[in-house]
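A.B. asks: turn this into a model:
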Amino acid sequence: MEHFSLIVLDLGGTKLNIGRYRNGQIEGSVIYPFDNTMTVFNSIDFLSECIKGLMVEDTKGIAIGVPSIVNVDQGIVFNAVNIQSWQEVALKKYLEQRFDLPVYVNNDVNCFTKGEHLSGAGKGYQDLVGLCLGTGLGAGIILQNKLYLGANCCAGEVGGVSYLDGHLDDYCSGSFFKKHYQQCGSELAERARSDDKQALMAFEQFAEHLAFAIKHLLLMIDPQLIVIGGSVSESFDLFIENVWKNLADFPFPNVIANLEIQKSNQQNSALLGAAHLYLESKETA
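C.D. replies: Down below sits the predicted model:
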């Protein structure tokens, strides 16, 4: 039995999921709305207050996934797409100064993918991609059972690929529904499930854009499995059939025949992954 706990955080563009890790489990997780227009120091204050609320006597460290690329060794966050003020933030240093505890920082989708590989849909697969469709689009990559970050923690930042009049971020995330239909994805999903033609068309179009992103991932990484998470994954049933239809013209049919695409069914994958990445970093230090 592990006689310690960790505070684990999954920060997104619009919400924070925070919980406590102990003995391989996540306990007491809470979701808070996050204001991505805050200054750096106001957002650090906000995170600190949330951390304080879960701190207990046996808390030995803090692990956080953030929606950006990270210098993992130094815990510096760079150019967060959906948090305007976070251009170069020494998050590890700030939080360590406040709590006098070791802090580990990685990309949020890397944490999600690690959690899925440990005990979610990705368990037992050697090569997989975790694809999060939230405020933006990001991917985490497991190759030969190891999380692959790339030289700058940029591996999997597929949302930055130029596409149509913007980037894949604009078309393969919740932003697509707001920009093109002036509604959030959950509202459109409700309408689509009532056979609303416009809403069904929205998810058809979304599937076309998502298939384009998946084709790029297949050509670069060729995974056995793609696990889809993030808020838009709640509408998985409304777009997955059309994703497969749009993958039919992929130049290597056997790749599509061997591919699996599944929805994440594990609530706190990113929190679990963050905890395990923290623990692994301590083992190799």
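A.B. asks: pLDDT at the residue nearest to residue 10 when sequence neighbours are not counted, what is it?
C.D. replies: Excluding its sequence neighbours, the residue lying closest to residue 10 (CB to CB, 6 or more residues apart in numbering) is residue 270, at 3.8 Å. Any C-beta I mention is one placed from the backbone N, CA and C, and that applies to glycine too. Listed pLDDT for residue 270 reads 98.
A.B. asks: residue contacts, residue 270?
C.D. replies: By CB atoms under 8 Å, 6 or more residues apart in numbering, residue 270 lies in contact with 10, 17, 65, 108-109, 111-112, 115, 229.
A.B. asks: how about the contacts made by residue 106?
C.D. replies: With contact taken as CB under 8 Å, 6+ apart, residue 106 is in contact with 63-66, 70, 72, 149, 153, 274, 277.
A.B. asks: any chance of those residues in a markdown table, plus secondary structure, neighbour count and distance to residue 180?
C.D. replies: Formatted as a markdown table, the contacts of residue 106 follow (DSSP: H, G, I helix; E, B strand; the rest coil; neighbours: other CB atoms under 10 Å; distance: CB to CB, whole Å):
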| residue | secondary structure | neighbour count | distance to residue 180 |
| --- | --- | --- | --- |
| 63 | strand | 25 | 36 |
| 64 | strand | 29 | 32 |
| 65 | strand | 29 | 28 |
| 66 | strand | 26 | 27 |
| 70 | strand | 27 | 31 |
| 72 | coil | 18 | 35 |
| 149 | coil | 18 | 33 |
| 153 | coil | 19 | 31 |
| 274 | helix | 33 | 33 |
| 277 | helix | 22 | 36 |
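A.B. asks: can you show me the helices along the stretch 1-150 of the chain?
C.D. replies: For the stretch 1-150 of the chain, applying DSSP state H, counting those that start in this stretch gives helices covering 40-54, 91-99, 108-119.
A.B. asks: which one of these is the most hemmed in?
C.D. replies: Mean neighbour count (mean count of other CB atoms under 10 Å) peaks for helix 108-119 among the helices of the stretch 1-150 of the chain, with a mean of 28.
A.B. asks: so what pLDDT did residue 246 get?
C.D. replies: Note for residue 246: predicted pLDDT of 98.
A.B. asks: any idea whether the residue nearest to it when sequence neighbours are not counted is helix, strand or coil?
C.D. replies: Excluding its sequence neighbours, the residue lying closest to residue 246 (CB to CB, 6+ apart) is residue 211, at 3.4 Å. Of the three states, residue 211 takes helix according to DSSP: H, G, I helix; E, B strand; the rest coil.
A.B. asks: contacts only, for residue 211.
C.D. replies: Contact criterion CB under 8 Å, 6+ apart gives 242-243, 245-247 as the residues in contact with residue 211.
A.B. asks: any idea how far it is from residue 172?
C.D. replies: Distance of residue 211 to residue 172, computed by CB to CB, to the nearest Å: 9 Å.
A.B. asks: what do you get for residue 119?
C.D. replies: Separation of residue 119 from residue 172 (CB to CB): 26 Å.
A.B. asks: isn't residue 175 up against residue 159?
C.D. replies: No. The pair residue 175 / residue 159 is not scored as a contact, 9.6 Å apart, by CB atoms under 8 Å.
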